[in-house]
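# sequence first, then the predicted structure, then my questions.
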Amino acid sequence: MATRRDWHDLPEGVRQAVEQHTGPVSEATSPDGGRNSELAVTLTTPSGPVFCKGITTGSPLAAMHRNELTIGPHLPADLAPRLRWNVEQDDWLILGFEHATGHHADLSPDSDDLPAVADALTRIRRTAPPPAPRRPMANQWTHALKTELATPPPNTDPWSTTNTDLITDWAAKAPDHMHGDHLIHSDLNPANFLITDTAKVIDWAWWRTGAAWIDPALFVIRLIAAGHQLDAAEHWAAQRSPDFATTPPDALTAFAASAVRLWERRFPNTPTTTAARTWTRHRMNRYHVLNTC
């Protein structure tokens, strides 16, 4: 998590470089959310509000901002706020975006936001990723599963502990199913949607390339965490994503298990991790007799 800075904490040269793009800044307001940028601020300028995020270039999180710098020009205006400019000066990288308004998505059952969210998922599916660099999600998943997350952490959920070998075996199969050339956002949590009459998707720092069913599969976990029944969440994704609907069942089970194996260490005791575990258990019950501790 990055330590948040105020606009006036930036070096004078950085602020001047930003104002070459925006004109004089009369006010700077920081949002409450966000954790991966040292600067996140809406600037009031003569031409209207501008949203900026930034990071010191020596930060480990600088790579995330460079990811957004790479993908920004390839995102259509109806899908994401436009990346207007960037500044790199005095050990800071600043990205300037079109200012977008809207509320974060409510993913609960029967939410009025779900149609707009479904349309955004379709628009992601239709958007081509940059020709280079390629960022295969299968490679990322393979590395994570083999290096630091081969076993569950101490004091994890009893069901995961009881079935650790089975979860690990299934998780190891996931990367083989994840190859593809489609754009994957990979972090479609409710805060990364801005809803008006349509939905825009923000925070593309974790974009990858891979199979087109990956974002819908990750979204099933978000729906479960928001209160959807297991079969209803899968049905929602299948009705709106032909890719998800035609994905082999073993691929989805393996992917669910891999999410559990990764997230139990990185994000223990969160509703999303609990939802991933619940989905995995549900899917494994279709194929195996499990210990039910």
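Sure, I can see it. Every value quoted in this text rests on a predicted model; they were computed, and no experiment measured them.
# right, and His21 touches Gly96 too?
Yes - counting by CB atoms under 8 Å, Gly96 is a contact partner of His21 at 5.9 Å. Every C-beta, even on glycine, is put in place using the N, C-alpha and C of the backbone.
# between those two, point out the one with more neighbours.
Taking neighbours as other CB atoms under 10 Å, His21 and Gly96 compare with Gly96 leading, 21 against 16.
# how long is stretch 40-58 end to end?
Across stretch 40-58, the terminal residues are separated by 17 Å (CA to CA, to the nearest Å).
# how about it: buried residues?
40-43, 45, 50-56 (16 or more other CB atoms under 10 Å).
# these into CSV, with extra columns for secondary structure, distance to Ala28 and pLDDT?
Shown next, in CSV, are the buried residues of stretch 40-58 (DSSP: H, G, I helix; E, B strand; the rest coil; distance: CB to CB, whole Å; pLDDT from 0 to 100):
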residue, secondary structure, distance to Ala28, pLDDT
Ala40, strand, 10, 95
Val41, strand, 5, 96
Thr42, strand, 7, 97
Leu43, strand, 5, 98
Thr45, strand, 10, 97
Val50, strand, 10, 97
Phe51, strand, 11, 97
Cys52, strand, 9, 97
Lys53, strand, 13, 96
Gly54, strand, 12, 97
Ile55, strand, 17, 97
Thr56, strand, 18, 97
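# tell me the two of those residues that are most distant?
Thr45 and Thr56 (23.3 Å; CB to CB).
# point out where the chain drops to low pLDDT.
Low-confidence segments of the chain (pLDDT under 70): 33-34, 148-151, 287-293.
# what about the helices in the stretch 101-250 of the chain?
114-126, 137-147, 158-162, 164-177, 214-225, 230-240, 242-245, 249-266 (DSSP state H, counting those that start in this stretch).
# ok, the spatially closest residue to Ala205 that is not a sequence neighbour - how many residues close by?
Leaving aside its sequence neighbours, Ala205 sits nearest to Met64 (CB to CB, 6 or more residues apart in numbering; 3.7 Å). Neighbours of Met64 under the rule other CB under 10 Å: 20.
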